[in-house]
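Visitor: got a sequence here, can you model it:
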Amino acid sequence: MDGKFIAKIVGDELDKRNIGVEDFCNAIGVSQSAFSQWKSGRTPRPERIAAIEKFLGIDFAAIEKSMSMDAETAELLEALKDRQDLRILLRSGRDVPPSSVYELVSRLEKMKEDAR
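Guide: Residues are numbered from 1 along each chain as shown. Coordinates of the predicted model:
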């Protein structure tokens, strides 16, 4: 887990909660320049990661796991993006777990068979 990933998640959470970077940094005991370094890829020390998770009530490992997808799912989504008629599905599928993407594709294939 690199600093860019952490900074992105933190930035998103701060935006959602309407918390300023300065307030966040003060709360967990880091400088704003340290936060900027995370955005550049520097990984925070483990105790900082723990402080971030505690302050925001999140679990980076769980977030990272939920965001990962296998190669087959990535290939499927890549193929979908090239189909203009299915782009809305791609946009909707960005935050959907891979198992749900498979379920959707199965339903579409069944609909295609039924239409024949």
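
Visitor: the residue lying closest to Gly3 once chain neighbours are set aside and Leu56: what is the separation?
Guide: In space, and not counting its chain neighbours, Gly3 is closest to Trp38: 3.7 Å by CB to CB, 6 or more residues apart in numbering. Placement of C-beta: from N, CA and C, glycine included. Distance, Trp38 to Leu56, using CB to CB, to the nearest Å: 14 Å.

Visitor: circling back to that earlier point, name the element the residue nearest to Gly3 belongs to?
Guide: Using DSSP states H and E, Trp38 falls within helix 32-39.

Visitor: which helices and strands sit right next to that helix?
Guide: On a contact count with 3 or more CB pairs under 8 Å, 6 or more residues apart in numbering; DSSP states H and E, helix 32-39 meets helix 3-17, helix 21-28.

Visitor: could you rerun that using 6 Å?
Guide: Counting contacts by 3 or more CB pairs under 6 Å, 6 or more residues apart in numbering; DSSP states H and E, helix 32-39 is packed against helix 3-17.
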